[in-house]
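# next comes the sequence, and after it the predicted model I'd like to discuss.
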Amino acid sequence: MACPFCDKVANRDQLTAEEHVWTFPHSVALLGPWQFYAGYCVLIARQHATELSQLSDSARQGYLNEMCLLARAIEAVTHPHKLNYELLGNQVPHLHWHLFPRSADDPDRLRPVWFALERADQDPAERQRLQGRVARLDLSAQLRRQLQTLNAATS
Ligand SMILES: [Zn+2]
């Protein structure tokens, strides 16, 4: 059965500079579509697995450390009020973290983002609002510069 994230990882050389933030040894960081949450990234494990418990200790530690490095880069670039980390996999069962920076002036700040994103499914205006107005290419470049500053490994 085809896995969309295995495809993304295998064909990452075809990603745009806007979408592809970083290739770590254990994961690939992508700038996500919902940039109302400025700096929102998805961190896809390079190895296909559905649960963290399926990774070897060293692969899991590597993946989690890379998630923290990406979190630091997002924090340095967009200064969120709070960062939300979500590892769900209900829709795409391949390990991927959603890192959602939250802002203090978001009226939904006390709830997970998924309520708002569910509204976006039904409402084109809400969809457009949640896609945000950031300069995506510039944001991606800022995250890359920050990851270089943090000496993030790449491969
Ligand atoms: Zn996969």
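Received, thanks. Fair warning: this is a prediction, and the values are worked out from it, not measured in the lab. Numbering: from 1, shown residues only.
# tell me what His96 is bridged to.
Per DSSP bridges, the residues bridged to His96 are Ile44.
# so it makes contact with Asn90?
No. The pair His96 / Asn90 is not scored as a contact, 11.4 Å apart, by CB atoms under 8 Å. Glycine gets a C-beta too; all of them are placed from N, C-alpha and C.
# higher neighbour count, the two?
More crowded of His96 and Asn90, by other CB atoms under 10 Å: His96, with 19 against 5.
# which residues touch stretch 108-127?
Identification of contacts with stretch 108-127 by CB atoms under 8 Å, 6 or more residues apart in numbering yields 34, 37, 81-82, 84, 86, 100, 102-103, 129-130.
# as JSON lines, those residues with neighbour count would be great.
Formatted as JSON lines, the contacts of stretch 108-127 follow (neighbours: other CB atoms under 10 Å):
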{"residue": "Trp34", "neighbour count": "18"}
{"residue": "Tyr37", "neighbour count": "26"}
{"residue": "His81", "neighbour count": "11"}
{"residue": "Lys82", "neighbour count": "11"}
{"residue": "Asn84", "neighbour count": "15"}
{"residue": "Glu86", "neighbour count": "14"}
{"residue": "Phe100", "neighbour count": "24"}
{"residue": "Arg102", "neighbour count": "19"}
{"residue": "Ser103", "neighbour count": "14"}
{"residue": "Arg129", "neighbour count": "15"}
{"residue": "Leu130", "neighbour count": "19"}
